[in-house]
Every structure is written in C-alpha cells, then in structure tokens.
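Enquirer: I'd like to go over a predicted model; first the sequence, then the structure.
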Amino acid sequence: EAQVTQNPRYLITVTGKKLTVTCSQNMNHEYMSWYRQDPGLGLRQIYYSMNVEVTDKGDVPEGYKVSRKEKRNFPLILESPSPNQTSLYFCASSSPAGNTDTQYFGPGTRLTVL
Amino acid sequence: ELKVEQNPLFLSMQEGKNYTIYCNYSTTSDRLYWYRQDPGKSLESLFVLLSNGAVKQEGRLMASLDTKARLSTLHITAAVHDLSATYFCAVGPVTGANSKLTFGKGITLSVRP
C-alpha cells in the first residue's frame, strides 16, 4: 500500500531534549516536505527536499533541521525543542511527474514540549 | 511573498443546499490544490488544478481555477453531512515544483440537517 509513515505519532518531551521525528515513503517520490499545523494558522512549511541531499528552507525553518540521505526517508530533527514548537507535524511526499502531482500526507505527529 | 486567503473561515451549511467557497492568492501561479481534513486526521487530496480554466469534479464537489483573477472556487452541490470537514487550498510556485506549497488557513464546513 502506497503510504507516508511518521514516527512517533505522539510525543511529549521537555525543553532542550533533542528529538527526531522520522518520515518514510514507499512511493519512490523525489519531493518530501515537513509542515506544522497550528490552530488558526493553517499549515506552514518547515523544510522541503527535492531529491537526495537537496533540501531547502520553507516558511518557518527556525529551530529545525532535516536531512535527506536516502530517497525514502526525510527525518525532522529538533536539536533543542522549546514550548513554541508544540504543534501537529505532517510529512508529505510527491512526484513531479504527470498530472496527478499532489502531495501525499503522513498521519501526523502530535508534539508537546513542556 | 505568496499569500493565500480562504473565505469564509467557517461555514454552516444546510443539508441539500448549494454553496461556494473561495481561495485567493497574491502572486502568479498556475497550480492550485484542494485538500480535505477531517478532525484529528491527516490531509487528503481532493483536486489538482494545473492551468487557467481548469475544472475538476468529484461527487458533489467541483473546483475551478482562474489564474488571471488568482482565484479558485470550490462549489458544493446539495450539501450532505459527510462533507463536514476543513478544506484547505494550497498554491505552488509558477516554476512548477509542487514541493513548495503555501496553504490557506482552511475553511471549516459544517452541514446541519
């Protein structure tokens, strides 16, 4: 089954404790992105990647890091989480080919930073 | 900077009636996406509109794109309860990379009997 998976789905942590949220897709997509969703703000892009070893900042990259060492994986790293990073995070993947070039979203990771 | 506005932000719909919701964006683009999100769930792709005048229909929903007016509309025919959800539009850059999308804040639709 074609899908984007994220782990963990829920995480409660404390300020300053490094964490990684994993994202994996099995559709051989070139593009992958991370978004955060906050009430009243919609979805805002954190980082995106157009291929292996090619990443770029989205609209709200501060406090986050990403890497794209393999095509299928795109982990989101919070080196020193702070309470303002409490949010719902979505990973998405897509392919540039064809007329169905939509993004496929993972199930989401709800992060709480105390 | 690309801005995407959706209105209204909340719409209470009566079952069986027709409604239209709007998505405006601020800079040139020829690709627009509509997504649906149910409470507590992820986003599901509804429509991909890739050119001026594009019209797509699925069931009771029909989406269109006017790139000259920088406007997309989502028309709902004979609303039913199952359509209650939040609908997001997203706009991509004119260069075509769908990896860099800017989303609107979403419109929450609630269908009442």
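Expert: Sure, I can see it. Numbers count the residues shown, from 1 in each chain, chains lettered A, B, ... in the order given.

Enquirer: Tell me the bridge partners for the most centrally placed residue in chain A.
Expert: Residue closest to the average C-alpha location in chain A (C-alpha atoms, centre = their mean): residue A:34, at 2.8 Å. Beta-bridge partners of residue A:34, counted by DSSP bridges, are residue A:47, residue A:91.

Enquirer: I'd guessed it sits against residue A:23; true?
Expert: Yes - counting by C-beta atoms under 8 Å, residue A:23 is a contact partner of residue A:34 at 7.3 Å. All C-beta spots, glycine's among them, are computed from the backbone N, C-alpha and C.

Enquirer: so what sits against both of the two?
Expert: Taking C-beta atoms under 8 Å, 6 or more residues apart in numbering or on different chains as the contact rule, residue A:34 and residue A:23 both touch A:74, A:76, A:91.

Enquirer: just checking, the first one touches residue A:51?
Expert: No - at 10.9 Å, residue A:74 does not count as touching residue A:51 under the criterion of C-beta under 8 Å.

Enquirer: Around chain B, which positions in chain A sit nearby?
Expert: For chain A, the residues in contact with chain B (C-beta under 8 Å from any C-beta of the partner chain) are A:31-33, A:35, A:40-45, A:48-50, A:56, A:58-59, A:90, A:92, A:94, A:96, A:99-108.

Enquirer: Which of these fall within strands?
Expert: Among the residues of chain A next to chain B, DSSP state E puts A:31-33, A:35, A:42-45, A:48-50, A:56, A:90, A:92, A:94, A:104-105 in strands.
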